[in-house]
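Participant: build the 3D model from these lines:
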Amino acid sequence: MSTEETSRFVRLRVELVLEVEDADAVTKAALRRIADEQDMPDDERAHAEGAVTEDTAEALAYLVDPFDLVREVPGVELAQASWSSEPIDYDPDSPDWDLDDDDVREDDEGDGVG
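Facilitator: Here you go, the predicted model:
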């Protein structure tokens, strides 16, 4: 692939931290979406229902679709997407959750200079 061809592709990284205020509502919404999937094989449906029932993070991953983020963006087509979710310990006041962490060069980490 030439440089001109590869420069058309852009990796957009998005990280979201969501506060789940009603896990039951999230699970029910995921189960409704699974029920609406008419082409889903029964064994896959049973697996998906079990996963979203047991884990709210799985339910969220089932509900949040990266395609929806760019579907209406003019002039782009989603070439590839992957996503996952996991429960985390989150402290909004912790410096570990500073949104600028990616801006710190590795050789500057730990010396207090950003």
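Participant: for the rest of this, base every contact and every neighbour count on C-alpha atoms.
Facilitator: Noted.
Participant: what helix or strand does the nearest residue to Arg45 once chain neighbours are set aside sit in?
Facilitator: Leaving out its chain neighbours, the residue that sits closest to Arg45 by CA to CA, 6 or more residues apart in numbering is Ile34, at 6.8 Å. Here Ile34, judged by DSSP states H and E, is contained in helix 23-36.
Participant: could you do Gly75 as well?
Facilitator: Using DSSP H and E, no helix or strand contains Gly75.
Participant: quick check: the residue nearest to Arg45 touching Glu49?
Facilitator: Yes: between Ile34 and Glu49 there is a contact at 7.2 Å, judged by CA atoms under 8 Å.
Participant: which residue would you name as the spatial centre of the chain?
Facilitator: Compute the mean C-alpha point of the chain, and by CA atoms, centre = their mean the closest residue is Trp83, 4.5 Å away.
Participant: using the three-state scheme, assign it.
Facilitator: coil (DSSP: H, G, I helix; E, B strand; the rest coil).
Participant: can you tell me the closest non-neighbouring residue to Thr27?
Facilitator: Counting by CA to CA, 6+ apart, the residue nearest Thr27 is Ala59, at 5.6 Å.
Participant: what residues does that neighbour make contact with?
Facilitator: By CA atoms under 8 Å, 6 or more residues apart in numbering, the residues touching Ala59 are Val26, Thr27, Ala30, Ala51, Val52, Thr53.
Participant: what residues of the helix or strand hosting the fifth one count as buried?
Facilitator: Same thing as Val52. Element membership for Val52, per DSSP H and E: helix 42-54. Buried positions in helix 42-54, judged by neighbour count with 16 or more other CA atoms under 10 Å: Arg45, Ala48, Glu49, Ala51, Val52, Thr53.
Participant: one more: stretch 10-25?
Facilitator: Ala23.
Participant: list the contacts of it.
Facilitator: By CA under 8 Å, 6+ apart, stretch 10-25 touches Thr56.
Participant: what's the span of stretch 45-64, first residue to last?
Facilitator: 18 Å (CA to CA, to the nearest Å).
Participant: chain center to it, what's the gap?
Facilitator: In terms of CA atoms, centre = their mean, to the nearest Å, the centre of stretch 45-64 is found 14 Å from the chain centre.
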